[in-house]
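Chemist: coords below, sequence missing:
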């Protein structure tokens, strides 16, 4: 038998084995989706959330379509679970779908916060304006929404995003315009609660960690010309000269 004929026979045998296996896998995937649909009908709210999370964690090719149907659930918890599942699956087409849901979700802040947080799983530059506008709008309303939007901005590798986040952080230290010169305790609490999300977004983009807006402004004056996408956490133990661009410290390593 010639080597060529032997190779053809071997390939034929492999195909004969692989094709039935592929059909079996496809059938199993379909059966899993049908089982998911049946279980969702019977489960309570908490059970539905767990079912959505479990399906999203699989590689089932039908999971996105099956889960997307629950984006319109009357249950906030189930809707939030479906939104977060899109972030787990990471299909690029989900970005436009999530962005399109944002306006209507303003009536339900937990859903809006989930949308803002999930958009950060994609790192899409087209989400920048929506995330920034939402963060600004909700600073004085809901820190979960504002913080989630700001944190997600950290996934967008762009200088303008850093500048916007620094401006946003500055907005959490407002100057009172009231005659009494006082800002309500409730407003102060809301603004303070939004800061961790904003700072986390900046940490992701720069690798640095500062607590105040002034320090971030100082840092950006120092680093904006040299900043490049893909920043990593700064390991100060490996620096020959320690320079703190946020607070102005500088010293040689002993």
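Modeler: Good, I have the coordinates. Quick caveat: nothing in here was measured; it's all calculated off a predicted structure.

Chemist: how near is residue 140 to residue 160?
Modeler: As judged by CB to CB, to the nearest Å, residue 140 and residue 160 stand 23 Å apart. All C-beta atoms are positioned from the backbone trio N, CA, C, and that covers glycine.

Chemist: Same drill for the two, tell me which one is more crowded.
Modeler: Each of residue 140 and residue 160 has its neighbours counted (other CB atoms under 10 Å); residue 140 has more, 16 against 11.

Chemist: How about the contacts made by that one?
Modeler: Going by CB atoms under 8 Å, 6 or more residues apart in numbering, residue 140 touches 187, 190, 191.

Chemist: quick one: it and residue 134, what's the gap?
Modeler: Computed as CB to CB, the residue 140 to residue 134 distance reads 13 Å.

Chemist: one step back: taking the contacts of residue 140 one by one, which sit in helices?
Modeler: 187, 190, 191 (DSSP state H).

Chemist: What is the burial count for the first one?
Modeler: Right, the one you point to is residue 187. Applying other CB under 10 Å, we find 14 residues neighbouring residue 187.

Chemist: Same check on the second one?
Modeler: Neighbours of residue 190 under the rule other CB under 10 Å: 18.

Chemist: ok, now which ones touch the residue lying closest to residue 151 once chain neighbours are set aside?
Modeler: For residue 151, ignoring the flanking residues on the chain, the nearest one in space by CB to CB, 6 or more residues apart in numbering is residue 197 at 4.2 Å. Counting by CB under 8 Å, 6+ apart, residue 197 makes contact with 143, 146, 147, 148, 149, 150, 151.

Chemist: Phi, psi for residue 197 please.
Modeler: phi -70, psi -40 (degrees, to the nearest 10).

Chemist: what kind of secondary structure is the closest residue to residue 139 other than its chain neighbours in?
Modeler: Distance criterion CB to CB, 6+ apart; nearest residue to residue 139, sequence neighbours excluded, is residue 146 at 4.8 Å. Under DSSP: H, G, I helix; E, B strand; the rest coil, residue 146 falls in the helix class.

Chemist: Next one: residue 191 relative to residue 120, how far apart?
Modeler: Counting by CB to CB, the gap from residue 191 to residue 120 is 21 Å.

Chemist: Of those two, which one has the most company?
Modeler: Just comparing residue 191 and residue 120: by other CB under 10 Å the higher neighbour count belongs to residue 120, 22 against 19.

Chemist: Spit out the contact partners of the closest residue to that one other than its chain neighbours.
Modeler: In this structure, residue 120 finds its nearest non-sequential neighbour in residue 152, 2.8 Å apart by CB to CB, 6+ apart. Contact analysis of residue 152 by CB under 8 Å, 6+ apart lists 116, 117, 118, 119, 120, 127, 131, 201.

Chemist: Let me know how buried the nearest residue to the second one once chain neighbours are set aside is, in neighbour terms.
Modeler: Counting by CB to CB, 6+ apart, residue 117 lies nearest to residue 148, which is 4.1 Å off, once chain neighbours are set aside. Other residues near residue 148 number 26, with proximity taken as other CB under 10 Å.
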